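Chemist: What shape does this take:
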Amino acid sequence: MGSGLRQQTRPPRRRSPGQGLARLHAQRAGHTASPRGVNPAGHDQQVILLQQVCTAAGLDPRGALRLPGRANAVYQLPHANAVARLRQTHNSPEWDRRMSASVQVTHWLAEQGYPAVRPLDAVAQPVTVDGWTATFWRYEAPDGDVTSAHVTDLARLLRRLHTLPTPPIELPATDPLGSLPNDLHQHPEALTRQQRDWLHRRCADISAAYPTAAMPPELDHGLIHGDAHTGNLIAARGGFVFCDWDSVSYGPRAQDLIPSLYGVVRLGSPRTSWLEMCSAYGIDPDLEHHPGMRLLHQAREIRALAAYIRAAAGSVAAKSELDKRMRTLMTGEDAIWHAPQGFR
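Modeler: Numbering: from 1, shown residues only. Purely as a prediction, here's the structure:
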């Protein structure tokens, strides 16, 4: 390609553990990793967008590698020792504020000595081009063998995060539905009219109940990550580092434990993972039955549909899983869902 972005046309040959770890960390610096490795740069629109945002930021996009993602197009920038994340925000002022907050909060977390990915200091960001918003992050150099984070690693980092003071930053309020309402509006073709109507009603019910919902006192409001799961932990030098701060906000700390519970209820994680999570964090696992926790879990179930709605037009696997999830939600089935590669 004339863009200077490398493409892979065949599966990469087996690499040494150290090379595999470097690739894994590049994938996860700012987003969920895919164990299958780097994908081709491929999508022409995003290639052009990457060049535009890098030019605006004064960064060199040559040799960029397109990495797997859901909400974001994620690229490693080897000449800048950085990772670029592009999110389609449709010129939404609300999402621009949230992306800006992710940069400001991670700067502040670095000052607190908290292990979070760090934004590039020399770049004025976020950068917005044609309805896409980009942020730029330091590449996290790996060290040692590839290791997957355990729920206890997540619990300890969350406990540490939740004991920090409120940062001197205007935090956005937590939205338990994330980008789902906007994605429904932008991609109505992903669902049938019956499915859309049901999902709009469920969104309305949760949005109406959330503002006055009582939360467990030990998990009440404060600074939260907003999308806390083990896939957002990077095994870097010195320990695990938290990435993907697009949903950082002020809200119920219970929100940060919900993805682990969701993993048990909907994704087939063993029950012991929830028990270990709660033990490491220091709460009673029976809090899952608290009405506030149940409401947040219902929100998580439909919030997780957003990535599938965005991808449905271009992915048979995403469309199939979206239809399955909608069917089980609409009929009330307690089914285990099976996320395709790169999804949750």
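
Chemist: contacts for stretch 209-217?
Modeler: Residues outside stretch 209-217 that contact it (C-beta atoms under 8 Å, 6 or more residues apart in numbering): 176, 221, 252-254, 283, 287, 290-293, 295, 299. (Glycine included, C-beta is placed from N, CA and C.)

Chemist: who touches residue 113 in this structure?
Modeler: Contacts of residue 113 (C-beta under 8 Å, 6+ apart): none.

Chemist: What of residue 102?
Modeler: The contact partners of residue 102, by C-beta under 8 Å, 6+ apart, come to 119, 135, 245-246, 248.

Chemist: Which one of these sits in the busiest neighbourhood?
Modeler: Using other C-beta atoms under 10 Å as the neighbour test, the contacts of residue 102 are led by residue 248, with 28 neighbours.

Chemist: In space, what's closest to it - neighbours in sequence excluded?
Modeler: Counting by C-beta to C-beta, 6 or more residues apart in numbering, the nearest residue to residue 248 once its immediate chain neighbours are dropped is residue 105, at 4.9 Å.

Chemist: who's in contact with the one you found?
Modeler: 167, 169, 171, 223, 245, 248.

Chemist: what do you get for residue 199?
Modeler: Residue 199 touches 184, 191, 302, 305, 326, counting by C-beta under 8 Å, 6+ apart.

Chemist: shaky segments in the stretch 201-344 of the chain?
Modeler: 341-342 (pLDDT under 70).

Chemist: likewise the stretch 51-200 of the chain?
Modeler: If you take pLDDT under 70 as the line, the stretch 51-200 of the chain has these spans: 68-71, 143-146.

Chemist: In it, what residue spans correspond to helices?
Modeler: Remark: helices assigned in the stretch 51-200 of the chain by DSSP state H, counting those that start in this stretch are 93-111, 151-162, 180-186, 193-209.

Chemist: do the stretch 201-344 of the chain as well
Modeler: Going by DSSP H, counting those that start in this stretch, the stretch 201-344 of the chain shows helices at 258-267, 271-281, 291-303, 306-311, 316-331.

Chemist: before we move on, the earlier item: compare the helices of the stretch 51-200 of the chain and give me the one nearest residue 262.
Modeler: Ranking the helices of the stretch 51-200 of the chain by proximity to residue 262 (C-beta to C-beta) places helix 151-162 first, at 12.3 Å.

Chemist: Could you export that closest one as CSV, CA atoms only?
Modeler: What follows is helix 151-162, C-alpha atoms only, in CSV (Å, rounded to 0.1, in the frame of the first residue of the first chain):
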residue,chain,number,x,y,z
VAL,A,151,-9.1,-12.1,38.7
THR,A,152,-7.2,-11.6,42.0
ASP,A,153,-4.8,-9.3,40.1
LEU,A,154,-7.7,-7.3,38.9
ALA,A,155,-9.3,-7.2,42.4
ARG,A,156,-6.1,-5.9,44.0
LEU,A,157,-5.7,-3.1,41.4
LEU,A,158,-9.4,-2.2,41.7
ARG,A,159,-9.1,-2.0,45.5
ARG,A,160,-6.1,0.2,45.2
LEU,A,161,-7.9,2.4,42.6
HIS,A,162,-11.0,2.7,44.8
